[in-house]
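**Q** Quick one, structure for this:
(3 chains)
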Amino acid sequence: MVSLTLNNPVVQAYIVHSAILALKLLSLTVLTALARMTRRIFANPEDAKMLRGGKVKYDDPVVERIRRAHLNDLENIPAFWILGAFYVTTGPAATFATLLFRLFTVFRILHTIVYAVIPLPQPSRAIAFGIPYIIMLYMGIQVILYYVTAL
Amino acid sequence: MVSLTLNNPVVQAYIVHSAILALKLLSLTVLTALARMTRRIFANPEDAKMLRGGKVKYDDPVVERIRRAHLNDLENIPAFWILGAFYVTTGPAATFATLLFRLFTVFRILHTIVYAVIPLPQPSRAIAFGIPYIIMLYMGIQVILYYVTAL
Amino acid sequence: MVSLTLNNPVVQAYIVHSAILALKLLSLTVLTALARMTRRIFANPEDAKMLRGGKVKYDDPVVERIRRAHLNDLENIPAFWILGAFYVTTGPAATFATLLFRLFTVFRILHTIVYAVIPLPQPSRAIAFGIPYIIMLYMGIQVILYYVTAL
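**A** A predicted model of the protein is given here:
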């Protein structure tokens, strides 16, 4: 069994990448708010009243695209937090684990950019989504194989 | 206070069930993608362009049903990850805790099947949802009672 | 490096506040179910069949408002769970960290009340959303600065 302390470089790499991903996830709220305010499109009547010309609308293409990018983050980033933490406990090589965490983080940031900031033609988003997804499948399978006797 | 190490069978049972739930959660993305591709129904114009006859549509009953199953996972599985981890720290009996983790996992998998794969009449989905939900309430209350002096 | 055990008061404060937030998040499911049943508005045909006069509808203002409050929880509470846990590892003063956890929890509960239970005019919801959000940004930046050498 590996011994895990906060001095462990894999633990530190996990923490810092996960924290960056949390801030990245939170940034989608700001993107949504900016899009809502510049386009004056809101989800609630009491919000629409705050701005002259504000109206309630649920099909604005720009706002909805950012919301889809946000939901996609919710579908992926919490799963990384848990699978990454478990993967660390299996004692992977520090350089390899750090590479996986870095790739995951960079591609999830790119995913937000190509989805919500500058919509690019496919397969940009498919790639930015797929690489982090495959990393999670890999980590999840490694964790299950390592602990399978506990089933 | 309980001592928790990675050799602890409850810790291992928690990790392996949580990892299975993470992969199950991720599988919903594949289900959505398959439904979108076979039905040629997409959420973004750049995705619709990839397939002949692809169109943007937000009310396809099959796709939306899978998306609701996915959202229901997001409403439940991360809460299990955190409550399960805390519950382990209260030092429950290994066989009982493992039983709860196993029931939670089996019923959440059944939930996906009866919701998104083979829609079954109620109360199939209500039961598949309710048992894991009650397990989380139980774990949450146990955790709060155990640590309440920290409030 | 700080030493973290389950006797640590910051660890205990983190656990108990996070568990309360998990139960609060789960309570949104009950709110949605109550609104659906009293208004007989459902998301699936098999659910609508359970109640006389039940129908499938996706634009009921009361139900959709509760669903937006729920989604907002998913966008914020899991990020708190991970950032709060990391923040604890940076060894903050116990009273200050506990104050942050308590403020976060109280304002997220208020957020649910002013959004989904008794809709209040703005800026009630903006404040109930903003204070927890700023706490998360603060914790996230503290964590990254503390572990930045691991990047």
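
**Q** and the residue of chain A positioned farthest from its centre, which of the three is it?
**A** Relative to the centre of chain A, the most outlying C-alpha is that of A:Arg52, 33.9 Å out, by CA atoms, centre = their mean. Per DSSP: H, G, I helix; E, B strand; the rest coil, the secondary structure class of A:Arg52 is coil.

**Q** For it, give me phi and psi.
**A** Main-chain dihedrals, A:Arg52, degrees, to the nearest 10: phi -60, psi 130.

**Q** For A:Asp73, give its distance to chain B.
**A** 11 Å (CB to the nearest CB, to the nearest Å). To be clear about C-beta, it is placed using only N, CA and C from the backbone, and glycine gets the same treatment.

**Q** Counting neighbours, what do you get for whatever residue of chain A ends up closest to chain C?
**A** Nearest residue of chain A to chain C, counting by CB to the nearest CB: A:Gln12, 3.4 Å away. Using other CB atoms under 10 Å in any protein chain shown, the number of residues around A:Gln12 comes to 20.

**Q** Could you say which helix or strand holds it?
**A** helix A:9-39 (DSSP states H and E).

**Q** what's downstream of that helix, the next helix or strand?
**A** Counting by DSSP H and E, the next helix or strand C-terminal to helix A:9-39 is strand A:41-42.

**Q** Which strands or helices does that next one pack on?
**A** strand A:55-56 (3 or more CB pairs under 8 Å, 6 or more residues apart in numbering or on different chains; DSSP states H and E).

**Q** For chain A, which residues are neighbours of chain B?
**A** Contacts of chain A with chain B, taken as CB under 8 Å from any CB of the partner chain, map to A:1-2, A:4, A:65, A:68, A:74-76, A:78-79, A:82-83, A:86, A:89, A:119-123, A:125, A:133, A:136-137, A:140-141, A:143-144, A:147-151.

**Q** How about the residues of chain A by chain C?
**A** Counting by CB under 8 Å from any CB, the residues of chain A near chain C are A:5-7, A:9, A:12-13, A:15-16, A:18-20, A:22-23, A:25-26, A:28-29, A:43-44, A:46-47, A:49-50, A:58, A:70, A:74, A:78, A:81.

**Q** PyMOL command for the buried members of these?
**A** The PyMOL selection below is limited to those of the residues of chain A next to chain C classed as buried (16 or more other CB atoms under 10 Å in any protein chain shown):
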select buried, chain A and resi 6+12+13+15+16+18+19+20+22+23+25+26+28+29+43+44+46+47+70+74+78+81
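
**Q** still on that earlier bit, which among the residues of chain A next to chain B count as buried?
**A** Going by neighbour count (16+ other CB under 10 Å), the residues of chain A next to chain B have A:4, A:65, A:74-76, A:78-79, A:82-83, A:86, A:89, A:119, A:125, A:133, A:136, A:140, A:143-144, A:147, A:150 buried.

**Q** Which of those residues fall in helices?
**A** A:65, A:74-76, A:78-79, A:82-83, A:86, A:89, A:125, A:133, A:136, A:140, A:143-144, A:147 (DSSP state H).

**Q** which secondary element of chain A has the worst mean pLDDT?
**A** None of the helices or strands of chain A scores lower by mean pLDDT, DSSP states H and E than helix A:45-48, at a mean of 91.

**Q** Need the contact partners of stretch A:5-16.
**A** A:4, A:84-85, A:88, A:92, A:94, A:97-98, A:101-102, C:1-2, C:4, C:86, C:89, C:143-144, C:147-151 (CB atoms under 8 Å, 6 or more residues apart in numbering or on different chains).

**Q** ok, now stretch A:80-87?
**A** A:14, A:17-18, A:21, A:97, A:100-101, A:104, A:108, A:132, A:135-136, A:139-140, A:142-143, B:15, B:18-19, B:22, B:78, B:81, C:78, C:82.

**Q** Apply 7 Å and report the result again.
**A** By CB atoms under 7 Å, 6 or more residues apart in numbering or on different chains, the residues outside stretch A:80-87 that reach it are A:14, A:18, A:21, A:97, A:101, A:104, A:136, A:139-140, A:142-143, B:15, B:18-19, B:22, B:81, C:82.

**Q** can you check stretch A:121-140 too?
**A** Contacts of stretch A:121-140 (CB under 7 Å, 6+ apart): A:76, A:79-80, A:83-84, A:87, A:100, A:103-104, A:107-108, A:110-111, A:114-115, B:19, B:22-23, B:26, B:46-47, B:50.
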